[in-house]
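K.L.:
no FASTA, just this:
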DNA sequence: CTTCAACAATGAGAACGTGCATAACGGGAG
DNA sequence: CTCCCGTTATGCACGTTCTCATTGTTGAAG
């Protein structure tokens, strides 16, 4: 499950982020209107947790926009300190799925999200096929090649998972870094740790089958291609 | 046996909860319609004790919905202060298993539940097989290895039981803590009590057979794997 | 075709974090 | 009071992540 948190207040943002990570969600972060807008447009999420009081614009505009060009199938949950009822009404009118007044407990957030999940998907298991005979099971956090287990570390698994969720799209090191490590704001790092992880993934999977599907896009980043 | 209590009146809720815990049920709690809805969908219960006068929605809707997508095999027992007969009729029509008008005695509740259990399972017990030759008997709260008794403490048993109910899923410490201790608000992740319980379970079971099935997933949590 | 610069892949190991074992603590039940 | 269970505390060992130096690869320009 892929969540975007749109909230400018840092400590709250981090708290929620941490909690969702622990609950095994994939989490992206946005602190400003611009950031949020960009991410919502580019990626597809299962949930968007949307604060209304944002620097740079009104959160409701994001919702309105996302619903208009109906690319975004995410469920929106509106978080706001404004206790005003009309916000709630407006939000729900615009197609928000739920509304959570601050302050809220993390448990409450979780149960709202699960309720929506239930409405949307049922209980089905999340599996992704890739390469030629590989399968990733998100709930069990396992990779299999024809029923043999392939063991990856946490970072390797998360990285591969993220690439698979964006099959056929090139992801830059910056995008990957941002998603996997939260905020790498400053240094367009001289580090190559992502390359290293990619290499290790290739090595481990390579023991079972060729890893052509995991392509390097020179000068940009990496991409997982369809396997046919 | 796994029970969900759906009741907004706190003192009654707690009283029932306490009683069932002592009667060795696994108990989950919901105080609102939303909470209940989420839990019913996500988990599978043996019993749902359902209050009809709920904040956020009509309890009967829960029953109706649960029966429609017939994932939920729980027996529903309706608790309500509304002495009205038509509620009773409606409830039974919708597939409730029994009806208990408030106020009721705990003994009465227990005997209704036992009656239903007998009707449902006959004399047969609820058993889960795991590892290689292990068997968990949920009704007797015992573990056996080829007919030898393995004695676990309550917490150990509950922990193992919960992991078994979610076979092949990785559960984080947060998720485990949440379900075994009711509502843990913050992630006081500086505690390692779950690790200790896991270790003790491994130690006790390990005297009989290898405990590979109880896997550590580094950086995430624990998982019980299929034993084939 | 050769050269060169930019970029990616690799191997080794340092730094870090996580989980496990062991032991001690503390509170509730009898 | 005593015992036992659940929890906390702590040190160690090992797996994971990241850094760094080096080698390999690519593509454009001469």
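P.N.:
That came through, no problem. Being a predicted model, the structure only gives us computed values, none of them experimental. Residues are numbered from 1 along each chain as shown, chains lettered A, B, ... in the order given.
K.L.:
okay, CA-based contacts and neighbour counts for the rest of this
P.N.:
Fine.
K.L.:
Downstream of the one helix or strand in chain A whose mean pLDDT sits lowest, the next helix or strand is which one?
P.N.:
Every helix and strand in chain A was compared by mean pLDDT, DSSP states H and E; the lowest is helix A:85-93, with a mean of 56. The C-terminal neighbour of helix A:85-93 among helices and strands, as given by DSSP states H and E, is strand A:98-101.
K.L.:
right, is that next one up against chain B?
P.N.:
No - Strand A:98-101 lies out of reach of chain B by CA under 8 Å from any CA of the partner chain, never closer than 10.9 Å.
K.L.:
give the contact list for residue A:100.
P.N.:
Counting by CA atoms under 8 Å, 6 or more residues apart in numbering or on different chains, residue A:100 touches A:77-80, A:109.
K.L.:
Give me the nearest residue to residue A:143, chain neighbours excluded.
P.N.:
Leaving aside its sequence neighbours, residue A:143 sits nearest to residue A:136 (CA to CA, 6 or more residues apart in numbering or on different chains; 4.6 Å).
K.L.:
Adjacent strands (with direction) for the helix or strand hosting the one you found?
P.N.:
Using DSSP H and E, residue A:136 sits in strand A:134-137. Paired neighbours of strand A:134-137 in the sheet (DSSP bridges): strand A:127-130 (antiparallel), strand A:142-145 (antiparallel).
K.L.:
Name the residues that touch that strand?
P.N.:
Identification of contacts with strand A:134-137 by CA under 8 Å, 6+ apart yields A:125-130, A:142-146, A:161.
K.L.:
mind redoing it with 10 Å?
P.N.:
Strand A:134-137 has contacts (CA atoms under 10 Å, 6 or more residues apart in numbering or on different chains) with A:125-130, A:142-150, A:157, A:160-161, A:164, A:205, A:208-209, A:227, B:168-169.
K.L.:
Would you write a ChimeraX line that selects the buried entries of the residues you listed?
P.N.:
The ChimeraX selection below is limited to those of the contacts of strand A:134-137 classed as buried (16 or more other CA atoms under 10 Å in any protein chain shown):
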select /A:129,130,142,143,144,145,150,157,160,161,164,205,208 /B:168,169
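K.L.:
The residue lying closest to residue A:51 once chain neighbours are set aside in helix, strand or coil?
P.N.:
The shortest distance from residue A:51 to any residue other than its chain neighbours is 4.7 Å, reached at residue A:79 (CA to CA, 6+ apart). Each residue gets one of three states, and residue A:79 gets strand by DSSP: H, G, I helix; E, B strand; the rest coil.
K.L.:
Residue A:79 contacts residue A:12, doesn't it?
P.N.:
No - using CA atoms under 10 Å, residue A:79 makes no contact with residue A:12, being 11.2 Å away.
K.L.:
Can you check which residues contact both of these two?
P.N.:
Taking CA under 10 Å, 6+ apart as the criterion, residue A:79 and residue A:12 both touch residue A:103.
K.L.:
In terms of neighbours, single out the busier of the two.
P.N.:
Using other CA atoms under 10 Å in any protein chain shown as the criterion, residue A:79 and residue A:12 rank with residue A:79 on top: 23 against 12.
K.L.:
quick one: the closest residue to residue A:166 other than its chain neighbours and residue B:115, what's the gap?
P.N.:
Excluding the flanking residues, the one nearest residue A:166 by CA to CA, 6+ apart is residue A:224, at 7.7 Å. Between residue A:224 and residue B:115 the distance is 56 Å, computed by CA to CA, to the nearest Å.
K.L.:
and what of residue A:158?
P.N.:
According to CA to CA, residue A:158 stands 48 Å off from residue B:115.
K.L.:
Pick out whichever of those two has more residues nearby.
P.N.:
Neighbours were counted for residue A:158 and for residue B:115 using other CA under 10 Å; residue A:158 has more, 17 against 13.
K.L.:
State the mean pLDDT of the helix or strand containing that one.
P.N.:
Using DSSP H and E, the element containing residue A:158 is helix A:154-165. For helix A:154-165, mean pLDDT is 95.
K.L.:
circling back to that earlier point, show me what contacts the residue nearest to residue A:166?
P.N.:
Residue A:224 is in contact with A:130-131, A:160, A:162-171, A:211-216, counting by CA under 10 Å, 6+ apart.
K.L.:
who's it bridged to?
P.N.:
Here residue A:224 sits in beta bridges with residue A:214, going by DSSP bridges.
K.L.:
Model confidence at it, what's the number?
P.N.:
At residue A:224, pLDDT is 94.
K.L.:
the strands in chain A, which residues?
P.N.:
Assignment of strands within chain A using DSSP state E yields the ranges A:2-6, A:26-30, A:47-51, A:53-54, A:57-58, A:75-80, A:98-101, A:127-130, A:134-137, A:142-145, A:148-150, A:171-172, A:214-217, A:221-224.
K.L.:
List just the one of those that sits closest to DNA strand D.
P.N.:
Closest approach to DNA strand D among those (CA to the nearest atom of the strand): strand A:214-217, 9.1 Å.
K.L.:
Which secondary structure elements does the closest one sit against?
P.N.:
For strand A:214-217, the elements it packs on are helix A:154-165, strand A:171-172, helix A:193-206, strand A:221-224, judged by 3 or more CA pairs under 10 Å, 6 or more residues apart in numbering or on different chains; DSSP states H and E.
K.L.:
Dump these to a markdown table, plus distance to DNA strand D.
P.N.:
What follows is these, written out as a markdown table (distance: least, CA to the nearest atom of the strand, whole Å):
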| stretch | distance to DNA strand D |
| --- | --- |
| helix A:154-165 | 4 |
| strand A:171-172 | 16 |
| helix A:193-206 | 4 |
| strand A:221-224 | 14 |
